[in-house]
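Q: Structural data only, the sequence is not supplied:
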């Protein structure tokens, strides 16, 4: 059983550019959450998707947007990149109906903005 | 809203010594509590969780954590650490409501096990 998979693993972008990160949830999971983990910090919640809609959002600007597809996979888009967007971006999947109580995390995408 | 405080950013310890990683939380509602471990250049792995019932929960690799409601704490302990336990440990909370599954994390504690 494949767990949560994220792509790419590493990415280097220039300030002002746009980036798209991808996530495939664990088999049987329908909910995807995205987190940003800056160096030396704990993960910060960005937003959560299920049934192809954003359901909850953390304290992140509109430059951060996302999408969920019918197969439950998800994308995180960041526009107008800033140096401060450099971080490890983690995707977590879970089930919304309470069958599972914990979130499973992917290995993350390391984004470096130069 | 919830918040999590991990009181120690780094904990150095010698191999085979006991260790305690401290976690305190704040919440206006009941919460589920989690400990995650992160090895270098990897994602987060669930170590153990408290949902309800017995306040002492254990992991398969010798860690245990005790939920203390009066002190709003969920400290992680291991009686004898190994070199392989060197990692970053994160305490996290979330509301039990299945519609609100966002985790709130602490800032992490780096456990450094020395030979």
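A: Good, I have the coordinates. Predicted model only: the values in this text are computed from it and were never measured.
Q: Give me the nearest residue to the residue of chain A found nearest chain B, chain neighbours excluded.
A: Going by Cβ to the nearest Cβ, chain B is nearest to residue A:42 of chain A, at 3.5 Å. Every C-beta, even on glycine, is put in place using the N, C-alpha and C of the backbone. Excluding the flanking residues, the one nearest residue A:42 by Cβ to Cβ, 6 or more residues apart in numbering or on different chains is residue B:105, at 3.5 Å.
Q: if I look at that neighbour, how far off is residue B:44?
A: Per Cβ to Cβ, to the nearest Å, residue B:105 is found 9 Å from residue B:44.
Q: okay, those two: which has more neighbours?
A: Neighbours per residue (other Cβ atoms under 10 Å in any protein chain shown) separate residue B:105 from residue B:44, with residue B:44 holding more: 27 against 23.
Q: In contact with the more buried one, which residues?
A: Shown in contact with residue B:44 (Cβ atoms under 8 Å, 6 or more residues apart in numbering or on different chains): A:43, A:90, A:92, A:105, B:36, B:37, B:38, B:90.
Q: What subset of these is buried?
A: Among the contacts of residue B:44, those buried by neighbour count (16 or more other Cβ atoms under 10 Å in any protein chain shown) are A:43, A:90, A:92, A:105, B:36, B:37, B:38, B:90.
Q: Identify the bridge partners of the last one.
A: Going back to what we said before, that points to residue B:90. residue B:36 (DSSP bridges).
Q: Does it touch residue B:104 like I think?
A: No: applying Cβ atoms under 8 Å as the test, residue B:90 and residue B:104 come out as separate, 10.5 Å apart.
Q: State the distance from the residue most central in space within chain B to residue A:13.
A: The C-alpha lying nearest the average C-alpha coordinate of chain B belongs to residue B:35 (Cα atoms, centre = their mean; 3.2 Å). Distance, residue B:35 to residue A:13, by Cβ to Cβ: 33 Å.
Q: Quick check: closest non-adjacent residue to the residue nearest the centre of chain A.
A: Of all residues in chain A, the one closest to the mean position by Cα atoms, centre = their mean is residue A:34, 3.1 Å from it. Nearest residue to residue A:34 in three dimensions, chain neighbours excluded: residue A:46, at 4.3 Å (Cβ to Cβ, 6+ apart).
Q: quick one: strands adjacent to the helix or strand where that neighbour lies?
A: Taking DSSP states H and E as the criterion, residue A:46 maps to strand A:44-50. In the sheet, strand A:44-50 lines up against strand A:31-37 (antiparallel), strand A:53-57 (antiparallel) (DSSP bridges).
Q: Out of those, flag the one nearest residue B:60.
A: strand A:31-37 (24.9 Å; Cβ to Cβ).
Q: Show me the contact partners of the closest one.
A: With Cβ under 8 Å, 6+ apart, strand A:31-37 has contacts from A:23, A:25, A:43-50, A:60, A:66, A:68, A:72-74, A:76, A:87-96, A:103, A:108, B:101-103, B:105.
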